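**Student:** my questions concern the predicted model and sequence given below.
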Amino acid sequence: QVQLQESGPGLVKPSQTLSLTCTVSGTSITSGGYYWTWIRQHPGKGLEWIGCISYSGTTYYNASLKSRVTISEDMSQNHFSLKLSSVTAADTAVYYCAREYGAGVAFDIWGQGTLVTVSS
Amino acid sequence: DIQMTQSPSSLPASVGDRVTITCRASQSISTYLNWYQQKPGKAPKLLIYAASSLRSGVPSRFSGSGSGTDFTLTISGLQPEDFATYFCQQIYRMPRTFGQGTKLEIK
């Protein structure tokens, strides 16, 4: 079955760049009809959509983070990545990768999430 | 951005109860509305998509309704495993946005 797994440092210093990777198994990220997505959840809070990359490589970002976010894909490794620059304590959150099914239906598959703490 | 507002934020209930959670969108989203369940320390799980379609494998005690700006999630006959936080989410437009969540608690 399709599985997603986040990986990356759990601790990032302020002003540095947060880098996470989501490894996809059970399907190809170039399969048509999906958006590969990053979502975060601040401790004890709601869910914030960060952005996504389509099967064709088109990216969409939340305007609130757009100047600091880059989402990319590596077809050879079947993974997609998140980079968030100039982080502050406000970026401390659990980061999830997810698959948006049907490019407009729902987030049907989620990774388990990874906690990233921004602290010196 | 489309704002999603859920009510209530917290809902005390007992096993066997029928409960309803409401979600309102700041503009019409047709039926581009999904519901997720999240348990502590876990990723959210999709329950309902397109406002009223039950995801395969989700118990039939969960149901969704609504269109336009007003939506509801109903759980008929609460089970112990249903005590969790529920989020609505619009997928009509970018950026995707979520409601703030409703925590279903044991009374």
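**Tutor:** Good, I have the coordinates.
**Student:** quick check: A:Tyr55 vs B:Gly68, distance?
**Tutor:** Going from A:Tyr55 to B:Gly68 by Cβ to Cβ, to the nearest Å gives 30 Å. The way it works is simple: take the backbone N, C-alpha and C, and place the C-beta from them, glycine included.
**Student:** now the residue nearest the centre of chain A: which helix or strand?
**Tutor:** Closest to where the C-alpha atoms of chain A average out (Cα atoms, centre = their mean) is A:Trp38, at 2.7 Å. Using DSSP states H and E, A:Trp38 maps to strand A:34-41.
**Student:** tell me which strands that strand pairs with, and in which orientation.
**Tutor:** strand A:47-54 (antiparallel), strand A:93-101 (antiparallel) (DSSP bridges).
**Student:** CA atoms of the first one as CSV?
**Tutor:** This points to strand A:47-54. Output of strand A:47-54 as CSV, limited to C-alpha atoms (Å, rounded to 0.1, in the frame of the first residue of the first chain):
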residue,chain,number,x,y,z
LEU,A,47,-3.4,22.4,10.8
GLU,A,48,-1.6,24.7,8.4
TRP,A,49,-1.2,23.9,4.7
ILE,A,50,2.3,24.9,3.6
GLY,A,51,2.2,24.0,0.0
CYS,A,52,2.4,21.2,-2.6
ILE,A,53,4.0,20.0,-5.8
SER,A,54,2.0,18.3,-8.5
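**Student:** which strands border whichever helix or strand comes after it, and is each parallel or antiparallel?
**Tutor:** Counting by DSSP H and E, the next helix or strand C-terminal to strand A:47-54 is strand A:59-61. Its sheet considered, strand A:59-61 pairs with strand A:47-54 (antiparallel) by DSSP bridges.
**Student:** ok, which stretches of the chain are strands?
**Tutor:** Defaulting to chain A. For chain A, the strands defined by DSSP state E cover A:3-7, A:11-12, A:18-25, A:34-41, A:47-54, A:59-61, A:69-74, A:79-84, A:93-101, A:106-110, A:114-118.
**Student:** not what I meant, chain B
**Tutor:** Under DSSP E, chain B gives strands at B:4-7, B:10-13, B:18-25, B:33-38, B:45-49, B:53-54, B:62-67, B:70-76, B:85-90, B:97-98, B:102-106.
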